[in-house]
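Peer 1: A structural model of the following input is requested.
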Amino acid sequence: MSEQGYHVAILGATGAVGTRIIEQLENSNINVASLKPLASKHSAGKTVTFNGQTVEIEEATPESFEGIDIVLASAGGAVSKELLPEAVKRGAVCVDNTSAFRMDENVPLVVPEVNADQLKNHHGIIANPNCSTIQMMVALEPIRRKYGLKQIITSTYQAASGSGQAAIDELIEQVKTYVKGEEMSADIMPVKSDKKHFPLAFNLLPQIDVFEEDGYSHEEWKMIHETKKIMKNDMNDTELKVTATCVRVPVVIGHGESVYFEMDNQDVTADDIKELLSHSPGVIVEDNPAEQLYPQPLTAEGKRETFVGRIRPDKENPGAFNMWIVSDNLLKGAAWNTVQIAEELVKRRLIK
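Peer 2: Residues are numbered from 1 along each chain as shown. Below is the predicted model of the structure:
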């Protein structure tokens with residue numbers, strides 16, 4: 001850091017998340033002395049705007065991180081694995097938005113409202129959790145801290161943008177094709193690298209990421225083990241039971257989650273939970289069925305907060321509740337959480 005502020009590099013500056021990281025950084029409380037946008041050789045020479053200035057994008061190489069204090073990365077796991085250790089060697093602290101380092105026991109997996117204290121344990125890299133995990137943690141951690149949690153069962157309704165800009169473009173094109181009565185084509189969803197592809201428009205795809213041998217998708221695996229690592233500091237913790245079913249839905253931006261959870265305390269009421277969450281950081285409670293007030297992706301888009309509603313007791317299981325959680329997966333689920341971690345690093349003086 002210079003006297004004028006921090007030198008920041010954005011790895012993956014042209015992607016759906018990378019562009020939003022730049023926007024969120026511009027509106028953060030970090031004093032940025034210089035911004036270095038990095039991307040593939042294909043994007044080198046293009047420009048981005050930051051604080052009213054036009055900045056040219058450079059090709060990302062190990063040498064790109066000379067003199068950099070903070071790296072905010074969202075360029076894919078393979079790129080992060082290759083380049084972030086190089087950035088650390090050159091003295092930078094990296095916040096990575098990919099899955100490359102999330103399950104590394106030496107890398108903190110952080111949602112600032114939940115476990116910012118873990119940042120002190122970093123060795124140069126901090127991992128940003130999966131988008132669907134982040135919003136669930138923001139909503140459930142206050143409940144776990146006050147009342148205890150025994151079990152979490154979630155079904156997710158995840159937007160196309162979770163698979164990037166190309167998936168958004170394909171969804172929109174499919175909608176246009178469908179309304180014209182023509183046959184839709186699919187090249188990306190549910191997983192670009194998998195054998196088959198299906199239209200997402202007017203459809204639901206109960207597959208996000210590849211399937212593991214046990215029948216769970218890797219997205220479901222991530223939600224289960226990331227939740228345990230964040231809440232219990234152990235990805236294989238056996239005390240907290242977690243399971244997930246992850247579904248891709250024809251929504252552009254904004255993940256929804258139906259969450260069932262069991263608490264240790266059986267005397268808690270829905271009003272207790274609403275009151276607790278209404279004073280919890282990063283949470284906005286939208287819960288008034290009489291007025292049809294509940295979280296929706298369209299109204300969450302562009303906002304940093306996590307929205308919670310439909311909080312109600314499970315009539316069959318004392319101490320159990322159901323709730324509905326929505327957040328902008330490109331902001332709180334990715335770009336904003338990344339910048340928020342960087343803000344905490346600066347605040348706690350954890351950057352050399």
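
Peer 1: when you work out contacts or count neighbours from here on, use the C-alpha atoms and nothing else.
Peer 2: Fine.

Peer 1: which positions in stretch 184-202 come out as buried?
Peer 2: 184-191, 198-201 (16 or more other C-alpha atoms under 10 Å).

Peer 1: got a list of contacts for that stretch?
Peer 2: 166-167, 170-172, 174-175, 177-178, 205, 207-210, 248-250 (C-alpha atoms under 8 Å, 6 or more residues apart in numbering).

Peer 1: about what we covered before: pick out the most distant pair among the buried residues of stretch 184-202.
Peer 2: Spanning the widest gap among those are Met184 and Val191, at 16.8 Å by C-alpha to C-alpha.

Peer 1: before we move on, back to that, restricted to buried residues, select the contacts of stretch 184-202 in PyMOL.
Peer 2: Listed next is the PyMOL selection for buried residues among the contacts of stretch 184-202, using 16+ other C-alpha under 10 Å:
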select buried, resi 167+170+171+172+174+175+205+207+208+209+210+248+249+250
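
Peer 1: just the contacts of stretch 184-202: which are in strands?
Peer 2: Mapping those onto strands (DSSP state E) picks out Arg248.

Peer 1: any idea how far Glu63 lies from Ala9?
Peer 2: Glu63 is 12 Å from Ala9, where distance means C-alpha to C-alpha, to the nearest Å.

Peer 1: neighbours of Glu63, how many?
Peer 2: 11 (other C-alpha atoms under 10 Å).

Peer 1: actually, Gly181.
Peer 2: Gly181: 9 neighbours (other C-alpha under 10 Å).

Peer 1: shouldn't it be within a strand?
Peer 2: No. In this structure, Gly181 is coil, not part of a strand, as judged by DSSP: H, G, I helix; E, B strand; the rest coil.

Peer 1: roughly how far apart are it and Pro250?
Peer 2: 18 Å.

Peer 1: next one: Gln158
Peer 2: Gln158 is 8 Å from Pro250, by C-alpha to C-alpha.

Peer 1: again, but for Phe307
Peer 2: 20 Å.

Peer 1: my guess is Ala75 contacts Leu11. True?
Peer 2: Yes. If you go by C-alpha atoms under 8 Å, Ala75 and Leu11 touch, sitting 6.0 Å apart.

Peer 1: list phi and psi for Ile153.
Peer 2: In terms of degrees, to the nearest 10, the main-chain angles of Ile153 are phi -130, psi 120.
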